[in-house]
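Engineer: how does the following fold in three dimensions:
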Amino acid sequence: ALVKSANLDENKKWVYSIKFTEYDGEHSVAESDIRNIASNKLGISDIKVDDKIFVNYNFDNPGELGFWYDAKVEAVRKTTNTVVCTIRNTPGCRVTNLEIYKSEAPDFSEMDCEKCRKNRKRKCYQCGCRKCGGKHDDDKIIMCDECNGGYHIQCLGLERIPDEDEWFCPECKNENNIVCAGGVAMKARERKTGSNRDWGRGQATEGRTKECTIVTKDHFGPIPGIEVGMCWQYRLQVSEEGIHRPHVAGIAGSAKGPMDKRGCQSIVLSGGYEDDKDYGDSFLYTGSGGRDLSGNKRTAVQSCDQTLDRYNEAIAYSCMVRPVSSKGGDAGDRWREGKPVRVCRAYKAKKHSDYAPEEGFRYDGIYKVKRYWQEKGQSQYKVWRYEFIRDDPSPAPWTEEGKAIIEREGYECIKRNPDATPKGKKRKAGDDDDNEEEDEEVAKKSRKKYEMNAEWKTLIEADARNKKMWDQVLEKEVYSRTELLDQVRSILTCQICFELPNQQITTECGHNICQECLRMSFQSE
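Structural biologist: Numbering: from 1, shown residues only. Below is the predicted model of the structure:
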């Protein structure tokens, strides 16, 4: 199409008069409907949930080609090459032609930067490249998976965007098997040495073996299947479950993007700041920043004032007070209207808090941000403070009722490698398998077998078509609710996508399949 003229309407927004090459006459088009020609075709592995894409779709005959639309991804079915999208406010549109491109739609969200006011011509190290400050070459900017900072690949000395699933900038990179600036790992002699601190025996920087697909990365609120009082040995496991995704950062969230996506999804209380105060049902939390972490350090003393940006601003967006202001905000009696924040307490906070677990990382439920403000901390530098209040229907794990639930459900600290030999212990030559079997039998007898509630038993008995599979689930002795759910996931899976069935169909031979997987299988034949 050719743009013939442009005029401002009564709302001071541009309206363009365009002429299509295939049609006669001129047509008026709003600014929001004009974009560059989509040229970056996407493969099925490049598409993620919540991505904005450009697709060809036919509302009358979904299996045939139609018109081009902007779409938001709801789900990606790699086994059936299907992308489920929301198109023109219509959810559940299934695109199977794979004529999918990167959306070139302009950004009209409220992503104003306080420093540059989103001026494309002005350099900004907050919303632009962290190296050069430029906002050009958007397709060559790579985002750090830890701090969400953007970098031009040419500014880092990279020839192309790395193929790795996760990439960390030079400030966040903390292990040799993670690609950093220049596309190469640091040499051993370049790492700082001499620290006796235990960083989780390498688990903090080990790659994830699984990823939570139940909810999206920017999901606010509880995670289905995760209950208050559950505990994991390492932060990496908490990340795999989707409770708190960053490996190292104590805050997960973003202050950029559409307004409904801004906010803090989760935090981990580990006693990292001297100004933190933990009262159980509420706590005072200190923001991030103000520390010199150059040289691959994970922590340092406060050396400058904290600013209300990045993670600090993300927490402020979780408070219901609008607009977010550098003067702070207090929700008062309306604090429950804020966005839910998942909170985990770490064993490291035990020396500062009476509510931290004895070991591992424990999920303590949903909290809300009541107020936020800046004040001078113990370091004599200004820090951002946040008051969180618990707002979860489940009893807190330190209460008598919460302890009773933990005991009843069999929640124990879930080990990363439960069968591994403890550090510093080696198997002796004289040890035999009989002794190991005896020890294992004694351990089993000391644990109480998990007893399902009556409601679950009734539902299982009513599911007669899946009796064979439920028998397989129940024949194994389990000692906690977690072990039972793991057993269910391993037995009752779709035979095509190998995930828990969505809109389950049970075949005559007793197998469970997702309705959509079965339909696509027949179509492919």
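Engineer: and the end-to-end length of stretch 66-85?
Structural biologist: 15 Å (Cα to Cα, to the nearest Å).
Engineer: pull the longest strand from this protein.
Structural biologist: strand 361-376 (DSSP state E).
Engineer: what pairs with that one, parallel or antiparallel?
Structural biologist: strand 231-232 (antiparallel), strand 329-330 (antiparallel), strand 341-346 (antiparallel), strand 382-390 (antiparallel) (DSSP bridges).
Engineer: what helices or strands is the helix or strand just after the last one leaning on?
Structural biologist: Along the chain past strand 382-390, the next helix or strand (assigned with DSSP states H and E) turns out to be helix 400-409. Other elements packing on helix 400-409 under the criterion 3 or more Cβ pairs under 8 Å, 6 or more residues apart in numbering; DSSP states H and E are absent; no helix or strand qualifies. Where C-beta positions appear, they are placed from N, C-alpha and C, glycine not excepted.
Engineer: list the buried ones in stretch 510-525?
Structural biologist: Across stretch 510-525, burial judged by 16 or more other Cβ atoms under 10 Å covers Asn512, Ile513, Cys514, Glu516, Cys517, Leu518, Arg519, Met520.
Engineer: related to what we said a few turns ago, CA atoms of the longest strand of the chain as CSV?
Structural biologist: Extracted in CSV, the C-alpha atoms of strand 361-376 (Å, rounded to 0.1, in the frame of the first residue of the first chain):
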residue,chain,number,x,y,z
PHE,A,361,13.7,-22.8,50.4
ARG,A,362,10.1,-22.9,51.6
TYR,A,363,7.1,-21.5,49.8
ASP,A,364,5.1,-19.3,52.3
GLY,A,365,2.2,-18.2,50.2
ILE,A,366,0.9,-14.9,48.7
TYR,A,367,1.8,-11.4,50.1
LYS,A,368,0.7,-7.9,48.9
VAL,A,369,2.7,-4.7,48.9
LYS,A,370,1.0,-2.1,51.3
ARG,A,371,3.5,0.7,50.9
TYR,A,372,6.9,1.7,49.5
TRP,A,373,9.2,4.6,50.4
GLN,A,374,12.8,5.6,50.3
GLU,A,375,14.9,6.3,53.5
LYS,A,376,18.4,6.3,54.7
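Engineer: identify each buried residue in that strand, please.
Structural biologist: Buried, per 16+ other Cβ under 10 Å, within strand 361-376: 361-372, 374.
Engineer: likewise stretch 347-360?
Structural biologist: Quick answer for stretch 347-360 (16+ other Cβ under 10 Å): Tyr347, Lys348, Ala349, Lys350, His352, Ser353, Tyr355, Ala356, Pro357, Gly360.
Engineer: pLDDT wise, what is the residue most central in space within the chain at?
Structural biologist: Compute the mean C-alpha point of the chain, and by Cα atoms, centre = their mean the closest residue is Lys217, 2.8 Å away. Lys217 carries a pLDDT value of 85.
Engineer: also Leu98?
Structural biologist: Listed pLDDT for Leu98 reads 76.
Engineer: helix or strand right after the least confident helix or strand in the chain by mean pLDDT?
Structural biologist: Least confident element among the helices and strands of the chain, by mean pLDDT, DSSP states H and E: helix 433-446 (a mean of 53). The first helix or strand that comes after helix 433-446 along the chain, using DSSP H and E, is helix 454-462.
Engineer: related to what we said a few turns ago, which of the buried residues of stretch 510-525 fall in strands?
Structural biologist: Members of the buried residues of stretch 510-525 lying in strands (criterion: DSSP E): Asn512, Ile513, Cys514.
Engineer: nearest to Val238, of those?
Structural biologist: Comparing these against Val238 with Cβ to Cβ places Cys514 closest, at 28.4 Å.
Engineer: quick one, strands of the stretch 151-300 of the chain?
Structural biologist: Taking DSSP state E, counting those that start in this stretch as the test, the strands found in the stretch 151-300 of the chain are 231-232, 251-254, 263-269, 277-278, 282-286.
Engineer: quick one: end-to-end distance for stretch 218-236.
Structural biologist: End-to-end distance of stretch 218-236: 18 Å, with Cα to Cα as the criterion.
Engineer: and Ser103, what does it touch?
Structural biologist: Residues near Ser103 by Cβ atoms under 8 Å, 6 or more residues apart in numbering: Arg35, Ala38, Lys52, Ile53, Phe54, Asp70, Ala71.
Engineer: what about those residues, which are in strands?
Structural biologist: Using DSSP E, the contacts of Ser103 in strands are Lys52, Ile53, Phe54, Asp70, Ala71.
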